[in-house]
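Undergrad: the amino acid sequence is not available; the structure is as follows:
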């Protein structure tokens, strides 16, 4: 009787299974670290067959590879597709996920650069905004050692300007836990000389930074292969 009941339970649609048997729900509740290999493969293949759940198909896939992820990673799409319930899309999802895991293991983490000069700010942002046909305003978020936390675009404008709101800038800095920031925008015209609005904004940022204990290290204007630095020209006080 117990075996018959278990058999009936296994034929239930996955939406009617107990939540403890549903991989996606358990991953949301417990996190990826708590999942078995079969759970993770089941999430990749998404659905099983009319007679077997995604989790059962995943277990069969792993069993065919001797429950060895390295052997599974070496399998081709055509080999995986020999398993009942595994079509091209499912096979490629498994191969792609395992390849990403391999690349992550072999990739060396990029050391966070130290942004301590105007040239560093320029090199970090030139490829993002130097050749644009519209103005964009960007910021670099830095820690106390002036190591880069992240770069964020603040605003996008037109050919003749963009609006950068100091409140938005400092909110992003505070959310990121930055101790220091450097800001930059481009001049599509190629003119490196700051406008009166650029000068006023820089003063507002320096004053605002003092209020929230965030150092505004520099404001640079990028045009083509050149830049203008407010800090280098003694305009950050």
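TA: That came in fine, so what should we check first? No experiment lies behind these values; they were computed from the predicted model shown.
Undergrad: wait, a strand at residue 153?
TA: Yes: note on residue 153: a strand contains this position according to DSSP: H, G, I helix; E, B strand; the rest coil.
Undergrad: that one against residue 137, yeah?
TA: Yes: judged on C-beta atoms under 8 Å, residue 153 makes contact with residue 137 at a distance of 7.3 Å. Every residue, glycine included, has its C-beta placed from N, CA and C.
Undergrad: of the two, who's got more company?
TA: Legend: neighbour count by other C-beta atoms under 10 Å for residue 153 and residue 137, higher for residue 137 (24 against 13).
Undergrad: tell me the SS of the more buried one?
TA: What three-state DSSP gives for residue 137 is strand.
Undergrad: what's the spacing between it and residue 28?
TA: Counting by C-beta to C-beta, to the nearest Å, the separation of residue 137 from residue 28 is 37 Å.
Undergrad: return the helix or strand in the chain with minimum mean pLDDT.
TA: Taking mean pLDDT, DSSP states H and E as the measure, the helix or strand of the chain with the lowest value is helix 2-10, at a mean of 39.
Undergrad: any idea of the mean pLDDT in the next helix or strand after it?
TA: Per DSSP states H and E, the first helix or strand lying C-terminal to helix 2-10 is helix 23-30. Taken as a whole, helix 23-30 has an average pLDDT of 83.
Undergrad: which other residues reach helix 23-30?
TA: 19-20, 34-35, 39-40, 42-43, 54-55 (C-beta atoms under 8 Å, 6 or more residues apart in numbering).
Undergrad: list the contacts of residue 155.
TA: 136-137, 162-165, 168.
Undergrad: for the residue nearest to the spatial centre of the chain, which non-adjacent residue is closest in space?
TA: The centroid of the chain falls nearest to residue 150 when counting by C-alpha atoms, centre = their mean (10.7 Å). Nearest residue to residue 150 in three dimensions, chain neighbours excluded: residue 141, at 4.9 Å (C-beta to C-beta, 6 or more residues apart in numbering).
Undergrad: likewise residue 204?
TA: Distances taken as C-beta to C-beta, 6+ apart place residue 166 nearest to residue 204, at 5.2 Å, with adjacent residues excluded.
Undergrad: domain ranges for the protein?
TA: The record's domain parsing of the chain by automatic domain parsing lists 2-106, 118-229.
Undergrad: those: lowest mean pLDDT?
TA: Taking the mean pLDDT of those, domain 2-106 comes last: a mean of 80.
Undergrad: on that earlier part again, count the neighbours of the residue nearest to residue 204 for me.
TA: Neighbours of residue 166 using other C-beta under 10 Å come to 16.
Undergrad: show me what the helix or strand containing residue 181 is packed up against.
TA: For residue 181, the element it lies in under DSSP H and E is strand 180-186. Applying 3 or more C-beta pairs under 8 Å, 6 or more residues apart in numbering; DSSP states H and E, one finds that strand 180-186 contacts helix 118-129, strand 136-142, helix 166-176, helix 196-212, strand 215-223.
Undergrad: pretty sure the residue nearest to the centre of the chain belongs to a helix, no?
TA: No: under the criterion used here (three-state DSSP), residue 150 is strand, not part of a helix.
Undergrad: so who does it touch?
TA: 140-141, 176.
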